[in-house]
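Student: what follows is a predicted protein model with its sequence.
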Amino acid sequence: MWFSFLRPRDRFSLVELRHLTDQLRKIQIVNDTNKDLVVEALRSIAEILTYGDQHDPSFFEFFMEKQVMGEFVRILGVSKTVTVSVQLLQTMSIMIQNLKSEQAIYYLFSNEYVNYLITYTFDFQHEELLSYYISFLRAVSGKLNKHTISLLLKTENDVVVSFPLYVEGIKFAFHEENMIRTAVRSLTLNVYHVGDESVNDYVVSPPHTEYFSKLVSFFQKQCIDLSSMVLSTLESPSSDSGGKLFSAVDGIEDTLYYFSDVISAGIPDIGRLVTDHILQNLTLPLLLPSLCSEAVNNVSIDPITSLYLLCCILRIVKIKDLANITAATLFCPVKAFIASFLVKPNSSLAPERPRFRNGHQDNGVTEEADQQSPSNAVLSEDGKSHVYSENTTKSTFNDSDITFRETLLQYISEGDDVQAQGSLFVLATLLQTKELEESMLDAFGILPQRKQHKKLLLQSLVGEDSDEEQLFSPRNGSMRDGSSELDWCLRRLEEQFGVCCSLRGAAVSPLVHRHQVVDALVSLLCRENISAETLWCGGWLLRQLLPYSQAEFNHKHLKMLNDSYEKCKEALIREIKGSWPDLLIKVLFDEWKKCKKVIEAPSPQKDPISVILQLDRCSSNDNTVGDSSFTAGEKLCEVVKVFVLLHQLQIFLLGRPLPEQPPIHPSAVRSETSRATTSGLDVSVPKPGTEVKLVDAVPCWIAFERGKEREFSFLALSSGISGWIVLAEKSPLKPDHGIVRIIAPLAGCNPRIDEKQPRWLHLRIRPSTLPFLDPIKRGVYKKLKSKGLVDGKWTVAFRTDEFCQSAYSMVIHEMDLQCSEVERRLMPLFELDRNQQDQSNSTSG
């Protein structure tokens, strides 16, 4: 009997639930004395109800019958401690998230208990309390559907007049804590995706529409902050610059993806609001003017950030009108923004307006344009010829008449590496934006050739002016096809945003615009101060526009590409005599596959974010010695990348398919008289411990530790494209043999006899491989590079001057053999140019 009396209550039982409820009812005021009891009771009730929801429905029936929710509300009113408020919000969150019964959720949301908790005046100076409050709101939003949402609304004549969950939630939409902002965004998305028409009308009606304008303002601030970081990184980079940039762009893209999620809810007015606010508050007053203007109202965004943001907005926010109007603004001149947004042209943020043709005065636009216009004329957006002379230092586009489209092309043809790459990403993004009308791409000059052929075929089938053509118009016969699509967007810019653009006829000359784009891309590919990564991006874009042959290149384009290819070929030949001939063919094979994959891909290999993140790498301190093998290795990779791109473009111009591998000769059979053969070396890489014949070996001394000289036999050996300097110790058993002890790469050793001590031979010792080519070692290489990388050095002493000269000659001879083999294997790669020249001559003839 006593044992049954002392037996504890079952924790998950109706008896325990009744006991806890009775305890709460006895509480008249919550203070420091009883707060722990109340907190424990609230926590336990949540656990019991969650258990009962899965095992015993009578638990929640008791909860409803005794109106325990009313007790929760009463306890909150008599509580003087934050701890109880936190636990009550946590209890409600746990219950709402874990209760599966629809009846339970309906009960919790009814009787205004949840709305009371939502609108209760909590003391949010306590950060923990705010976090639990937001979690509670998010939990409630997670249970919303077309049936439950009505329980949290107040309506009059079927019109929503109050929605506390939404109103109170968006008050914290721009809180400094990212976790809170994320939770509020999740809450709003849950509301939008319910699909209740009355709620949709509520969220897009004043004053709730202010949320979207504030959201764009918040995004604007994120953009301005990113621009400040970009400028700071360029001026004075620090060790944490990369992390800050990554965090900033991550926040920006999160906001844009939130915009995209909001649009996907399918509320038409929200798409219109987002479009209008982005254009009115960001794109028109800041992003576009920043490409070639000073600060607007003392707020500025640098050109690099502007290019990145334009890409992100078009790529992430899938709104058709936003995409087409943004593209249409690129046809507007700067003067349209001077009047509308008080823009000051000719900022120091933008580069000096150079000539549009990258120093090639008479590149021409089309064959006909070459004949009809002066040789020093360039066609602008309005179709007029702007003439400049040989000694012109600034382009005639450096005035308020220049369009943003021309600015992008100038960045490509004459801006620095980052500006060119950013502009290429803008064009690539326009090309990849499915929401953009093909007629806009055609007007811009970047409609792919295969789509052009489709368009011309369609016009030839139905007739350009026939009534049937309306069936194929983008807006179901709305007359927004061809140039009218651009005109429609320009009219809306003028009527709604006050941007007056007089270039209504821009779309009537897509062929001129197309050749301007091709001209800019060809100029880019012929530049020597641009990274291979940017050139590959330009090669991809050119391949998209002209997927078949050289049909749309004029003679000047072909000559420029041929000249650039010849220069790059000469640079590659020089690398054969450089520090890394033994790795040249391997690098060539690797980059060939990569480049082929890049230019044949349906989308760019790089993401626009790389424009921002590479700034940290460009600005980081590089303490590598200028003449070191590491610098030479990086140069080799750049030369190979550029050569591979131009070579593959040459194949493309010939109308040939790209082979999977570069055309080179196979390895030659080693000569029986070679020093590697006579030494008995039967592998390409000698290993320590290997036995070799000491034929032609020269005795020497070298100290790898201070005061500890060691005697070796010195050998220089080449085998195919490999080459090694070998230090061997004489074998005690075979006088004419030696044991390999130390090896070093032959290539790049830069042998030099000491001027004062002619018996000393100085050698530079580079690594056997390029560390940055190995993904595993790349991170370590970057860290070491910032601290300073130097090559090893050997000073080898010989008995006589003649021995030293003999060793020097041996090294030079084997290096020549090594380089000759590399050159022999690469010969087929260089013969392509002869075939192309023959074809060009026959064509011109």
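Tutor: In hand now; what should we look at?
Student: next SSE downstream of the helix or strand of the chain with the lowest mean pLDDT?
Tutor: Lowest mean confidence among the helices and strands of the chain (mean pLDDT, DSSP states H and E): strand 385-387, at a mean of 33. Next along the chain after strand 385-387, taking DSSP states H and E as the criterion, comes helix 404-414.
Student: pLDDT weak spots in the stretch 351-500 of the chain?
Tutor: Applying pLDDT under 70 to the stretch 351-500 of the chain flags residues 351-401, 450-483.
Student: next: the chain.
Tutor: Looking at the chain by pLDDT under 70, you get 1-10, 293-299, 338-401, 450-483, 502-508, 547-552, 617-626, 774-788, 833-845.
Student: can you give me the strands in it?
Tutor: 154-156, 159-162, 377-379, 385-387, 691-693, 698-705, 708-719, 722-730, 737-745, 752-753, 760-765, 792-798 (DSSP state E).
Student: minimum distance to T275: which of those has it?
Tutor: strand 159-162 (24.3 Å; CB to CB). C-betas here are computed from N, CA, C, even on glycine.
Student: direction included, what does the closest one pair up with?
Tutor: strand 154-156 (antiparallel) (DSSP bridges).
Student: about what we covered before: in JSON lines: the strands of the chain, plus distance to L37.
Tutor: Listed next are those as JSON lines, based on distance: least, CB to CB, whole Å:
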{"stretch": "strand 154-156", "distance to L37": "36"}
{"stretch": "strand 159-162", "distance to L37": "36"}
{"stretch": "strand 377-379", "distance to L37": "84"}
{"stretch": "strand 385-387", "distance to L37": "85"}
{"stretch": "strand 691-693", "distance to L37": "87"}
{"stretch": "strand 698-705", "distance to L37": "76"}
{"stretch": "strand 708-719", "distance to L37": "80"}
{"stretch": "strand 722-730", "distance to L37": "81"}
{"stretch": "strand 737-745", "distance to L37": "78"}
{"stretch": "strand 752-753", "distance to L37": "87"}
{"stretch": "strand 760-765", "distance to L37": "77"}
{"stretch": "strand 792-798", "distance to L37": "74"}
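Student: what about these, which gets the closest to E533?
Tutor: Per CB to CB, nearest to E533 of these: strand 737-745, 27.5 Å.
Student: show me what that closest one is packed up against.
Tutor: strand 691-693, strand 708-719, strand 722-730, strand 760-765 (3 or more CB pairs under 8 Å, 6 or more residues apart in numbering; DSSP states H and E).
Student: K80: which of the ones you listed is closest?
Tutor: strand 760-765 (76.9 Å).
Student: nearest residue to K214 other than its sequence neighbours?
Tutor: F174 (6.6 Å; CB to CB, 6 or more residues apart in numbering).
Student: buried residues, stretch 564-580. List them.
Tutor: By 16 or more other CB atoms under 10 Å, the buried positions in stretch 564-580 come out as 564-565, 568-569, 571-573, 575-576, 578-580.
Student: got the helices and strands packed on strand 737-745 as CSV, with distance to Q103 and mean neighbour count columns?
Tutor: Shown next, in CSV, are the helices and strands packed on strand 737-745 (distance: least, CB to CB, whole Å; neighbours: other CB atoms under 10 Å):
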stretch, distance to Q103, mean neighbour count
strand 691-693, 88, 19
strand 708-719, 83, 20
strand 722-730, 79, 22
strand 760-765, 80, 20
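Student: okay, those in a markdown table with distance to D627 next?
Tutor: Converted to a markdown table, the helices and strands packed on strand 737-745 look like this (distance: least, CB to CB, whole Å):
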| stretch | distance to D627 |
| --- | --- |
| strand 691-693 | 32 |
| strand 708-719 | 22 |
| strand 722-730 | 20 |
| strand 760-765 | 9 |
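Student: among these, which comes closest to N554?
Tutor: Nearest to N554, of the helices and strands packed on strand 737-745 and by CB to CB, is strand 722-730 at 45.8 Å.
Student: sheet partners, orientation included, of the closest one?
Tutor: Strand pairing (DSSP bridges) places strand 722-730 next to strand 708-719 (antiparallel), strand 737-745 (antiparallel).
Student: of all those strands, which lies closest to G70?
Tutor: strand 737-745 (83.7 Å).
Student: for that closest one, which outside residues touch it?
Tutor: Identification of contacts with strand 737-745 by CB atoms under 8 Å, 6 or more residues apart in numbering yields 582, 685-694, 697, 712-713, 723-731, 763, 765-768, 792, 794.
Student: likewise for stretch 185-204?
Tutor: So stretch 185-204 is contacted by 137-138, 141-142, 144-146, 149-150, 153, 155, 158-160, 163, 165-166, 169-170, 173, 208, 211, 258, 261-262, 265-267, 269-270, 273 (CB under 8 Å, 6+ apart).
Student: list the buried residues in that stretch.
Tutor: Buried-residue list, stretch 185-204, by 16+ other CB under 10 Å: 185-194, 196, 199-200, 202-204.
Student: which of these sits closest to K221?
Tutor: Looking across these and measuring by CB to CB, the closest to K221 is R185, at 16.3 Å.
Student: that closest one and S141, how far apart?
Tutor: Distance from R185 to S141, counting by CB to CB, to the nearest Å: 11 Å.
Student: next one: I609
Tutor: 31 Å.
Student: which one's more surrounded, those two?
Tutor: Using other CB atoms under 10 Å, the more surrounded residue of I609 and S141 is S141, with 24 against 18.
Student: grab the nearest non-local neighbour of D254.
Tutor: T182 (7.9 Å).
Student: where do the helices sit along the stretch 401-550 of the chain?
Tutor: Under the criterion DSSP state H, counting those that start in this stretch, the stretch 401-550 of the chain contains helices at 404-414, 417-432, 438-444, 449-462, 483-497, 510-525, 532-545.
Student: likewise for the stretch 151-300 of the chain?
Tutor: 164-170, 178-192, 197-203, 210-235, 241-264, 268-278, 288-290.
Student: deepest-packed of the ones you listed, please.
Tutor: helix 288-290 (a mean of 27; mean count of other CB atoms under 10 Å).
Student: which helices and strands sit right next to the lengthiest helix in the chain?
Tutor: Identified as the longest helix of the chain according to DSSP state H is helix 801-830. With contacts taken as 3+ CB pairs under 8 Å, 6+ apart, helix 801-830 sits against helix 555-576, helix 581-599, strand 698-705, strand 708-719, strand 722-730, strand 752-753, strand 760-765, strand 792-798.
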